[in-house]
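# no sequence on this one, just coordinates:
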C-alpha cells in the first residue's frame, strides 16, 4: 500500500464515521406527544427494593396539556431560572454567560419546555408533597442582591394531617449549582420514614447545532466509583437496558448533551438508588432516590441533593464531583485527547485567544512528529524521482500485473526505496488527528470563542468559507508536490480528493479547519524544503 492509497483509506474511514453517526441520529425514536403521568405510590420503597419497583416511585410529570401554572423567576449573575409552583419544578434555566446557538443576542436556555427538559423532585410517602403538589411562594421574582453570596427561594406546601412540607432552592453567586432541599415537619404522634426522589426529564431530540456532520451524544450518564462513567442512550431506555449499578453509596446521574449537562449530585456516602425510565414516547426520566432521616413527632428534618446544570467546563466539573468532568466525552481516544486539551488550555491562558492556542498546539504537534514527517517526505521525494521509470514499467508489462509488481519491487530494492516509508508516519499521526477533532468538537470553552476578523465562533463553520477554501487550496498544493501515481485512475482520484475532502470542511467547526490549514501549511513548507534539498539528486541508474 503506497501513501496515496493510505490517504484514500483514511478519507474513506473518516467518511464512514460521519455516515454512521448521521445514521444513528436519523434512526432515533420519533417524537410523540407526552402522556399523562402516573400517580405516586402510597408507601415509600425500601432502599434494598428491586431497582425496577423502586424506580416506579418518581413517576411521570403532569399532563403537558394542563394550564400553565404560576411561575417564580430567580435571577443570579450566572443564571435566570423559572420555577413552576406546581411541584416546585425547575422548568426553565437560562445561562447568563452562554449565548443561543442560533441568535447570539440571546442567552442560551438549557432547561426548556421545548425539549420537555426540567428538574423535578418530591417525597414518597402518605401525605407528603411531591412534584404534583401546589406550592406557594412569598414572591414572584427573586434576585441575588449585590454583596450576597447566596439566595434562598422557599416554597411552602399545604399541611396535610399534621405533616407540613417545604421545598427550598438555594442559588450561589458565580455558580451553576442549585441546592434542592425538602423540609418535613412532623406534626403527628408517629415517627415518619420517607424517601425523596430527584429526577431530570427530557425528550430524545438533539440540541440545536448538532448536525449530521457533527453528531454528539445526547442521553443519560451515570457515575459511581465501581462502574465509573456509563452512558445510557435514550434508545437503551426504550429497550429496558440499564447497564449501570442501581444502588451505591456514591456517584451521580444526569442528562448530557453537546457542551452542557444537568446532573443530580447526592452528597457524601449516603445510600442512593439510580433509575432511568421511559415516561412516554420520546420522553424520559433519569434520577435518584435517597432516604430521609426518621422524623420523630414534633421534629423537623431535611434532605438535600445539589443540582449542577450548566456548561461542561472541565476544571470546574472536576472540582464539583468525582467523575463529573468525564461528561466531556472524547471517545475511545481520551488518553490522547485529554493531554491535548490540557496543552490547548495552557496556550489559551498564555495567548488569551483560542485560535492562537490552536495554531500553537498545531506547531507543537508538528514538531513532535517532525522526524516521522521528514522520513515520509524523503520517501515521497525518492518516489517522485523514480516515477518516470515506474511509468515505463507499466508501459512495458501492460496488463501483466504480477510481472509488473515484481519489476517494481526490484526497482525499489535497487534504488533503496521503501514503498511503505511514507505510510507509517501517517498511520502514527491519525489517532492524534482524530483526538484533536474530538477535543475541538467537545470543548465548550471554544463555543462562540472568537479568533480574528470574520471568525467570531471557532465552534461554528466559517460563515464566509474562507478557511475551508484555503484548506482546499493547501491540499491541492500538497497533491501537486507528491509523486504522480503510475496508475491513471489512481492519479485522477488523487486530483479529485482535495475537492471531495475539502467540501466536508465547509461544514466543520472553523477551529478544526484552522488546525488542518496550519498543519497543511507547515507540511508544505517541510516537504518543499526536503524536496529542494533532494532536487539536485538523480535517481541511480539501474544495473
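In hand now; what should we look at? What you see is a predicted model, and the numbers here were worked out from it, not measured in a lab.
# can you pull out the helices in the stretch 251-400 of the chain?
Taking DSSP state H, counting those that start in this stretch as the criterion, the stretch 251-400 of the chain contains helices spanning 314-320, 334-351, 354-368, 370-385, 387-397.
# out of the ones you listed, which is closest to residue 512?
Distance to residue 512, taken as Cβ to Cβ, is lowest for helix 354-368 among the helices of the stretch 251-400 of the chain, at 8.6 Å. In this view, the C-beta of every residue, glycine as well, is placed from N, C-alpha and C.
# which strands or helices does the closest one pack on?
Counting contacts by 3 or more Cβ pairs under 8 Å, 6 or more residues apart in numbering; DSSP states H and E, helix 354-368 packs against helix 334-351, helix 424-442, helix 510-534.
# now render these as CSV, adding mean neighbour count and mean pLDDT.
Formatted as CSV, the helices and strands packed on helix 354-368 follow (neighbours: other Cβ atoms under 10 Å; pLDDT from 0 to 100):
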stretch, mean neighbour count, mean pLDDT
helix 334-351, 16, 94
helix 424-442, 19, 81
helix 510-534, 19, 88
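# for residue 80, which of these is the nearest?
Using Cβ to Cβ, the helices and strands packed on helix 354-368 put helix 424-442 closest to residue 80, at 25.9 Å.
# run the angle between the helix or strand that comes right after the closest one and helix 510-534 for me.
Next helix or strand after helix 424-442 toward the C-terminus (DSSP states H and E): helix 466-481. Calculated by axes from the mean of the first three to the mean of the last three Cα atoms, to 10 degrees, helix 466-481 forms an angle of 20 degrees with helix 510-534.
# helix or strand right after helix 466-481?
Criterion used, DSSP H and E; the element after helix 466-481 is helix 488-505.
# tell me the secondary structure at residue 230.
Counting by DSSP: H, G, I helix; E, B strand; the rest coil, the backbone at residue 230 sits in strand.
# ok, how many other residues are close to residue 489?
By the criterion of other Cβ atoms under 10 Å, residue 489 has 8 neighbours.
# ah, wrong one, I meant residue 298
Per other Cβ under 10 Å, the neighbour tally for residue 298 reads 11.
# that one and residue 187 touch, don't they?
Yes: if you go by Cβ atoms under 8 Å, residue 298 and residue 187 touch, sitting 7.2 Å apart.
# picking that back up, using CSV, lay out the helices of the stretch 251-400 of the chain together with distance to residue 484.
CSV is the format used below for those (distance: least, Cβ to Cβ, whole Å):
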stretch, distance to residue 484
helix 314-320, 46
helix 334-351, 34
helix 354-368, 26
helix 370-385, 8
helix 387-397, 6
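# ok, which of these comes nearest residue 410?
helix 387-397 (9.5 Å).
# got the angle for the closest one vs helix 370-385?
50 degrees.
# just to revisit the earlier point, mind checking the helices of the stretch 251-400 of the chain for the one nearest to residue 463?
Among the helices of the stretch 251-400 of the chain, the nearest to residue 463 by Cβ to Cβ is helix 354-368 (14.8 Å).
# list the buried residues of that closest one.
354-362, 365-366 (16 or more other Cβ atoms under 10 Å).
# of all the residues you listed, which two lie farthest apart?
For the buried residues of helix 354-368, the farthest-apart pair by Cβ to Cβ is 354 and 366; their separation is 18.6 Å.
# mind checking which of the helices of the stretch 251-400 of the chain is nearest residue 457?
For the helices of the stretch 251-400 of the chain, proximity to residue 457 was assessed by Cβ to Cβ; helix 354-368 is nearest, at 10.3 Å.
# the closest one to helix 370-385, inter-axis angle?
Using the same axes, to 10 degrees: helix 354-368 against helix 370-385 is 70 degrees.
# hmm, who's touching helix 354-368?
With contacts defined as Cβ atoms under 8 Å, 6 or more residues apart in numbering, helix 354-368 is touched by 340, 343-345, 347-348, 350-351, 373, 432, 436, 440, 445-446, 449-452, 455, 458, 511, 514-515, 518-519, 522-523, 526.
# could you give the angle of that helix to helix 424-442?
Angle, helix 354-368 to helix 424-442, by the same axes, to 10 degrees: 160 degrees.
# angle of helix 354-368 against helix 334-351?
Going by the same axes, to 10 degrees, helix 354-368 makes 120 degrees with helix 334-351.
# tell me how far helix 354-368 is from the chain's mean position?
Chain-centre distance of helix 354-368: 22 Å, with Cα atoms, centre = their mean, to the nearest Å.
# then stretch 284-303?
Distance of stretch 284-303 from its chain centroid, counting by Cα atoms, centre = their mean, is 33 Å.
# now do the same end-to-end measure for it.
With Cα to Cα, to the nearest Å as the measure, the first residue of stretch 284-303 is 24 Å from its last.
# may I see the buried residues of it?
So, applying 16+ other Cβ under 10 Å, buried residues of stretch 284-303: 284-292, 295, 301, 303.
# taking the mean pLDDT, what do you get for it?
For stretch 284-303, the per-residue pLDDT values average out at 96.
# quick one: residue 134 and residue 85 touch, right?
Yes: at 6.3 Å, residue 134 counts as touching residue 85 under the criterion of Cβ under 8 Å.
# return every residue with contacts to both of these two.
Counting by Cβ under 8 Å, 6+ apart, the residues touching both residue 134 and residue 85 are residue 69.
# quickly find the element holding residue 90.
Counting by DSSP H and E, residue 90 is found in strand 89-99.
# which helices and strands does that strand pack with?
Strand 89-99 sits against strand 79-84, strand 107-111, strand 118-124, strand 300-311, with contacts defined as 3+ Cβ pairs under 8 Å, 6+ apart.
# okay, buried residues for that strand please.
So strand 89-99, judged by 16+ other Cβ under 10 Å, has buried residues 89-95, 98-99.
# excluding covalently adjacent residues, which one is nearest to residue 148?
residue 173 (7.1 Å; Cβ to Cβ, 6 or more residues apart in numbering).
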